[in-house]
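J.: Here's a sequence, model it:
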Amino acid sequence: MKETHGSGTRGHRLDPPDPLRKLSPALFAAVVSVFFLPFVTCYGTTVSGVQAATGITPPGSDPAAARFANATSVPNPFALVAFLCAGAGIALMARRGRAAGPFASALAGIVGALSLGGFVINAIAEAHGRIAIEFGLPLAFLGFFGTVALNDLLLVRIPLLEAGDDAALARRSATARRWITGLGTGLAALLFIGAAVNLGAEGEDDANAFVFALIPVGLLALIALVFTIRSSRRARQHPAAGELIIRET
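T.: A predicted model of the protein is given here:
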C-alpha cells in the first residue's frame, strides 16, 4: 500500500469517501420536489412553490393563480432564490475539495431557508395579511434545515475520518443525531402549529401566527451559519488540509 501526497491546488480527497455525502444531493432533490406542493392560499387561490417562484403553472396546479399574481409579486424574487438554492444544492457536492462541497451545500440550505422567510413576509405584506400557509411551505423549511444539518455533520466528520478515530466519530455522530432530532422536532412543531393556527384564522391578522414562528427560524439560520463557517475552518485547518492523498496497492 503506497501513499502519495500532492499539492493542495487540486483539493483533497477522502480515502475512503464519507458515505453520507451521497445523501446531500438526494435531500436537495427532495426539497425541489416539495416546491410542487401547495405553499400558500391567497384570495381563494392555492399556489405551489414553483408557481410562486417562476409564475409557471405545473399540471394539476390551481389554474386561477393569476389572482395571486395580481395581489403579490410573481415571480416572487425570494421564492425564486429559494428554488434556485434547492436546485443548486443537487450539484454542489461535486465541487473539488474535501470541505468545499459540504460547505457550499450548507450555505445553499441556509440561504434557501432565509429566502423562504423573505417570501412569506413579502407575500403577506403585499396581500395585506390575507394569506393562509399550506403544508408545503413548512415542509420546504424543514427540508432546507435538514440539508444544513447533514452538511454540517459532514464537515465535522472530515477530520475524524482522516484521523481514523472511529470511537470519536461514533460519539460525534450520536451527539449530532440527538441534536438534529430535538431541533427538528421542535422546528416541525413550531412551523406546523403556526401554519395550522394561520389556516383557521380570520381577519386582517391571518398570517401573524406563522410570522411569529419565523422569528426562531431566522435565529436558527444565523446560528447554523456561524456553526457552518466554524466547522469549515476546522476541516480546512486539519493537518492533512491542502493535500491530495492517493493510495495505490
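J.: Which element, helix or strand, includes the residue nearest the centre of the chain?
T.: Residue closest to the mean C-alpha point of the chain, counted by Cα atoms, centre = their mean, is F144 at 1.9 Å. Using DSSP states H and E, F144 maps to helix 136-163.
J.: Name the residues of that helix that are buried.
T.: 136-162 (16 or more other Cβ atoms under 10 Å). All C-beta spots, glycine's among them, are computed from the backbone N, C-alpha and C.
J.: Could you do stretch 28-45 as well?
T.: Quick answer for stretch 28-45 (16+ other Cβ under 10 Å): 28, 31-32, 34-42, 45.
J.: Tell me the one of those nearest T228?
T.: Taking Cβ to Cβ as the measure, T228 lies nearest F28 of these, at 15.5 Å.
J.: Quick check: which element contains that closest one?
T.: Assigned by DSSP H and E, F28 belongs to helix 23-34.
J.: Show the average pLDDT along the longest helix along the chain.
T.: Across the chain, the helix with the greatest residue count (assigned by DSSP state H) is helix 166-199. Across helix 166-199, the average pLDDT comes to 72.
J.: Okay, now the unreliable bits of the chain?
T.: Applying pLDDT under 70 to the chain flags residues 1-17, 57-73, 96-97, 163, 165-166, 169, 194, 197-208, 238-249.
J.: ok, 80 please
T.: 1-19, 42-44, 56-74, 94-98, 127-130, 159-212, 235-249 (pLDDT under 80).
J.: by how many degrees do the longest helix of the chain and helix 136-163 diverge?
T.: Calculated by axes from the mean of the first three to the mean of the last three Cα atoms, to 10 degrees, helix 166-199 forms an angle of 170 degrees with helix 136-163.
J.: Could you tell me how far helix 166-199 lies from the centre of the chain?
T.: Offset of helix 166-199 from its chain centre (Cα atoms, centre = their mean, to the nearest Å): 14 Å.
J.: Adjust the sequence numbering to begin at 34 for everything that follows.
T.: All right, first residue 34 from here; so that's helix 199-232.
J.: Which strands and helices lie in contact with that helix?
T.: Applying 3 or more Cβ pairs under 8 Å, 6 or more residues apart in numbering; DSSP states H and E, we find helix 199-232 packed against strand 164-166, helix 169-196, helix 241-269.
J.: ok, the first one: who's next to it in the sheet?
T.: Yep, that's strand 164-166 we're talking about. The sheet places strand 164-166 alongside strand 71-75 (antiparallel), with pairing taken from DSSP bridges.
J.: Show residues contacting the partner strand.
T.: For strand 71-75, the surrounding residues in contact (Cβ atoms under 8 Å, 6 or more residues apart in numbering) are 79-82, 85, 100-101, 104-105, 112, 153, 156, 160, 163-170, 173.
J.: go on, stretch 169-178?
T.: By Cβ under 8 Å, 6+ apart, stretch 169-178 touches 60, 63-64, 67-68, 70-73, 81-82, 115, 118-119, 142-143, 145-146, 149, 153, 216-217, 220-221, 224-225, 227-228, 250, 253-254, 257.
J.: just the buried members of those residues?
T.: Among the contacts of stretch 169-178, the ones that count as buried by 16+ other Cβ under 10 Å are 60, 64, 67-68, 70-73, 81-82, 115, 118-119, 142-143, 145-146, 149, 153, 220, 224-225, 227-228, 250, 253-254, 257.
J.: any chance of the helices and strands packed on helix 199-232 in TSV, plus distance to A127?
T.: Below are the helices and strands packed on helix 199-232 laid out as TSV (distance: least, Cβ to Cβ, whole Å):
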stretch	distance to A127
strand 164-166	34
helix 169-196	14
helix 241-269	17
